[in-house]
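1. Sequence first, then the predicted structure:
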Amino acid sequence: MNDFLFRSMSREQKAVERARKAFLTGRSQSLEYRITQLKNLLRFIRERQKEIAEGLKKDLRRSECGTPLYETLGLENEINLAVRNLKEWAAPRPVSKSMMTISDQVYIQPEPLGVVLVIGAWNYPWAVTIGPLIGAIAAGNAAVIKPSEELYPVVTGGVTETQELLKQRFDHIFYTGNGTVGKIIMEAAAKHLTPTTLELGGKSPCYIDSNCDLAIACRRVAWGKFLNCGQTCIAPDYILCEPSMQDRVIEELKKNIKDFYTEDPTKCLDYGRIINQRHFKRLMALLEGSTIAVGGENNESDCYIGPTILRDVKPDAKVMQEEIFGPLLPILTVSGADEAIKFINQREKPLALYIFSSDDKLIKRMIAETSSGGVVANDCLMHFSVSSLPFGGVGNSGMGCYHGKHGFDNLSHLRGCLIKKLKMENVNKMRYPPHTVDKLGWARFFILKHVDFGSLGRMMLLALMVIFAAVIVQAPNSMEFNMALSNALCAFTADMAYTESKVNLNIPLWNEEIFPDMELEQQILSLPIRCIHSEEGCRWTAQNKLLQAHLSVCEFNVVSCPNRCSVKLLRRELPEHMQHDCAKRKLHCDHCGDEFTGEAYENHQGVCPEESVYCENKCGARMVRRVLGQHSVSECPKRKLPCRYCKKEFLYDTLQPHQQQCPRFPMQCPNRCGTPGITRETLMAHVKEGCSTAMVLCPFREAGCKHKCPKTAVGRHLEEATHTHLSLLSGVVNRQRLELRELRRAVEELSGSRDGTLLWKLTDFSQRLQEVKSRTSGSLELFSPAFYSHNYGYRLQVSAFPNGNGSGEGSHLSVYIRVLPGEYDGLLEWPFPYRVSFSLLDQSDPALTKPQHITETFIPDPTWKNFQRPRPGALGSVRGGCLDESMLGFGYPKFISHEEMKKRNYIRDNAIFIKATIDVVQKILNS
Ligand SMILES: NC(=O)c1ccc[n+]([C@@H]2O[C@H](COP(=O)([O-])OP(=O)(O)OC[C@H]3O[C@@H](n4cnc5c(N)ncnc54)[C@H](O)[C@@H]3O)[C@@H](O)[C@H]2O)c1
Ligand SMILES: CCCCCCCCCCCCC/C=C/C=O
């Protein structure tokens, strides 16, 4: 198939295509292949038993033994049966012949159909998918399997996937499930005229006759009904019994429910659960309108419905309108068997019918007067386990069947085969025009006469020939026709010898025209004839009467193997067969000399302990098989051994080289530290980090300690060098403080303004004020970020005392400016010459009231130290305390009183804004 085409297909199309392609290779047709596949399937089921049971435990709370007992053991049996009988099932099936076909080969040849689709249901997911698959494989088909989840691809999925699958063309569809979907399946199958098997369900009645052992009957019914929590296609759906029996039936059922599932089935491992909440709700709704006699307990979250019996149920009750498929068992009363039969026949044909009675006649009568997929008397479900019985429904409960040979036949095409020879044309004249009354008479004889030759003795056969001859004498004087008939009779005897089939002699049509004629008999027996095997090559010709004697030695005659191995073959093939193929031939083993039958010899071959064989490991050694085991285990250089360190397997002769490199090989620390458990792969890390004798650096190496010592001596060094370490750390701290200061300065440089204006926000004003007021000494000076008077100008800083300073201390806000050492001081005019203004901003909303900022302006006093050029190297910022007199600020100790500040919105959101403006003279800007 074109690869592109394949890739563009749906998953379902691909699965079917793959199966069909595999089928068309023809490999599934050989019996050996089918048997191998069946055995593989058997192995799979056996190997996966545990997982299979676990799956069903999760789905249906099935007990561990439930799945083997009710599903997989039956499947194993089905597979064994098919493997044992496949040769017979698949062989041509000879069928009886008419006089017209007396010398022809007439037989039925079962042949595979092609690709079979198996759609399974959830309640016994293995039985209903693998069961049909066994039939499909045995019949030589490919199969696509769609459980309720590459010759047999499995396609899992729900409705959408199944519908996609159904669009594909199959050669048979085997569906198990409910009838509604069954109709969808058939409709889809009709599109391709695909034959379909429908394994459906239905309401299987259970009639309990008054003439029966009620205790045993009820035990069997309770088992069949409540197994798998009632979710069994063939579970008894309802009970029919006479009114007088109802109470006793209920009592017996109740007793058995308790015996099987204890007083509290919720805790019993053998009692299952409903598959899902949808079905739980469906079942609970079925109870509506009926009387619960036993059970009825339920728990939706656990999908639990206890074993439940309903009494006096009416035919029109809800529970009687559909298949129950759960643990509800309605009892309906009828007057007796007649009414029960009528009740059953008024409804759809069920999948199973159960009759409990000690009266054999009644059982036979009920079987004769009803119809159902299967019927069981005095038990439930057990017909499912009998492989020789066809399992399937009828009418509404399904069509087609399986199990054992029935599955094989259902999934085979039973092809009618008639093989004639291009000889004996005279016999055909009776059907060729011109048609005459005489010819019609002969046609009537040949067509309507059916013979079965098996137990036809020699004398009977002779008598029959005589009768035919007599008829011929009575017939019109046609010599040609006489010849034709005598030819036919020769063929007839020959065929009898060949087929060894059975007699069913209904002679003759024209009794009144028949009489013995000894002379004619002699004539016929003296006719010259050829051997019946002339076409196969036998050259024998002689009188008719000598044929039997010849056949007893004819090389082309079919004979049974004298060893009774059940094979039939041409006599001339016998020597070869007896020498080489016969399962019962006697043989001596060349190696051990023992005697075997052919069959046993085949099994012996390849295991004879005295046979000389090469070592399987290909080490080149040769020895008798008897000692091979010992050699393989303990001597062979090519034997596999696990490395004792890394556990990987190696050939014996590569094990040593491996261990030279094995990462798990045990190693000793080169420092001889004595640490156990070091391997080749951990050695490096150990030496570097783990070894107690390894030399390590002092943990204070970053602070400058150069000490190096074994790991074990580090503690002592730490104790001894505390002083050194502290002074190293203090040096580190100092260096870091300077670095920090530099960094701060750089940040301020970058963030400060360069247009002669500073707008400084002081937050948390009331807290700061409060804090200062509560101090017993000192004041709090806050510093603004540094700013420049102009580009490349003076570097300045404003400071504020929230609680005042000097004369304003305790009552005013004080504001000062100071000139800081700046980058461009060498280029500037000194002392600092420009007018400075301070403003405290009124933060009132300008839309409501005109803000009234407090502003003070001064021209710098040229004698004031701070307005002289700052000494290079003086602190760039005075934060953290300023002791240098040249760094004192100039400004207003009583800039504004605290009282004044409260009058307008100078403090808003607990913050004040101080603005400083430097009036830069034009001529400086231009210079
Ligand atoms: N005769 C038997 O051997 C047998 C065995 C088991 C169950 N049953 C019957 O099956 C019924 C319970 O099974 P269920 O039908 O609930 O099982 P289910 O829900 O598993 O359906 C059966 C299969 O049909 C497929 N399916 C569902 N809807 C479909 C759709 N619209 N188109 C195509 N495929 C669809 C599902 O995927 C599944 O593979 C009962 O009636 C029971 O008696 C019969
Ligand atoms: C020795 C015990 C043999 C027990 C065999 C019991 C057979 C019971 C069959 C249960 C039905 C399994 C398949 C059902 C399909 C329909 O739902």
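-> Structure received. Ligands and ions are numbered 1, 2, ... in the order given.

2. Any stretches of the stretch 301-450 of the chain with poor pLDDT?
-> When residues are selected by pLDDT under 70, those of the stretch 301-450 of the chain lie in 449-450.

3. Around ligand 2, which positions in it sit nearby?
-> Leu381, Met382, Phe384, Ser385 (CB under 6 Å from any ligand atom). Every residue, glycine included, has its C-beta placed from N, CA and C.

4. Try it again at 5 Å.
-> Remark: the part of the stretch 301-450 of the chain in contact with ligand 2 comprises Leu381, Phe384, Ser385, using CB under 5 Å from any ligand atom.

5. Spatially nearest residue to the last one (excluding sequence neighbours)?
-> Meaning Ser385. Gly74 (5.7 Å; CB to CB, 6 or more residues apart in numbering).

6. Residue numbers of this structure in contact with ligand 1?
-> 119, 121-122, 128, 148, 159, 162, 176-178, 181, 184, 199, 201, 233.

7. Return a PyMOL selection command for the buried portion of these.
-> The buried residues among the residues of the chain next to ligand 1 can be selected in PyMOL (16 or more other CB atoms under 10 Å) with this line:
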select buried, resi 119+121+122+128+148+162+176+177+178+181+199+201+233
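
8. Among the residues of the chain next to ligand 1, which ones are in strands?
-> Within these, residues falling in strands by DSSP state E are Ile119, Thr176, Glu199.

9. Among those residues, which one sits closest to Asp653?
-> Ile119 (56.0 Å; CB to CB).

10. Dihedrals phi and psi, Gly822?
-> phi -120, psi 170 (degrees, to the nearest 10).

11. mind listing the helices for the stretch 401-550 of the chain?
-> In the stretch 401-550 of the chain, the helices defined using DSSP state H, counting those that start in this stretch lie at 404-410, 437-448, 458-474, 479-499, 518-526, 547-551.

12. Would you mind listing the outside residues contacting the strand or helix carrying Leu38?
-> Here Leu38, judged by DSSP states H and E, is contained in helix 31-47. Helix 31-47 has contacts (CB atoms under 8 Å, 6 or more residues apart in numbering) with 27-28, 52, 72, 75-76, 79-80, 82-83, 86-87, 90, 126, 130, 133-134, 137-138, 140, 151-152.

13. And the buried ones among the residues you listed, selectable in ChimeraX?
-> Of the contacts of helix 31-47, the buried ones go into a single ChimeraX selection, burial set by 16+ other CB under 10 Å:
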select :28,52,72,75,76,79,82,83,86,90,126,130,133,134,137,138,140,151,152
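
14. Please list all residues in contact with Leu200.
-> When contacts are taken as CB under 8 Å, 6+ apart, Leu200 is in contact with Gly177, Asn178, Gly179, Gly182, Cys233, Leu351, Gly393, Asn396, Ser397, Gly398.

15. Look up the closest residue to it, ignoring the ones flanking it.
-> Leu200's closest residue in space is Gly398 (CB to CB, 6+ apart), at 4.1 Å.

16. Over to Arg908?
-> Gln843 (4.0 Å).

17. Please tell me how far the one you found sits from Gln770.
-> 20 Å (CB to CB, to the nearest Å).

18. who has more neighbours, those two?
-> Gln843 (17 against 12; other CB atoms under 10 Å).

19. Smallest gap between the protein and ligand 2, at which residue?
-> The nearest approach of the chain to ligand 2 comes at Cys233, 3.2 Å away (CB to the nearest ligand atom).

20. if we can go back for a sec, format the ones in strands among the residues of the chain next to ligand 1 as TSV; extra columns: pLDDT and distance to Gly704.
-> Listed next are these as TSV, based on pLDDT from 0 to 100; distance: CB to CB, whole Å:
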residue	pLDDT	distance to Gly704
Ile119	95	83
Thr176	97	86
Glu199	98	90
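
21. Quick check: phi and psi on Val249?
-> Dihedral angles (degrees, to the nearest 10) for Val249: phi -60, psi -40.

22. how many other residues sit next to it?
-> 23.

23. so what's it up against?
-> Ile208, Leu214, Cys218, Ile239, Cys241, Ile331.

24. Tell me which entries of those lie within strands.
-> Checking those against DSSP E, those in strands are Ile208, Ile239, Cys241, Ile331.

25. ok, and the most crowded of those residues?
-> Ile239 (29 neighbours).
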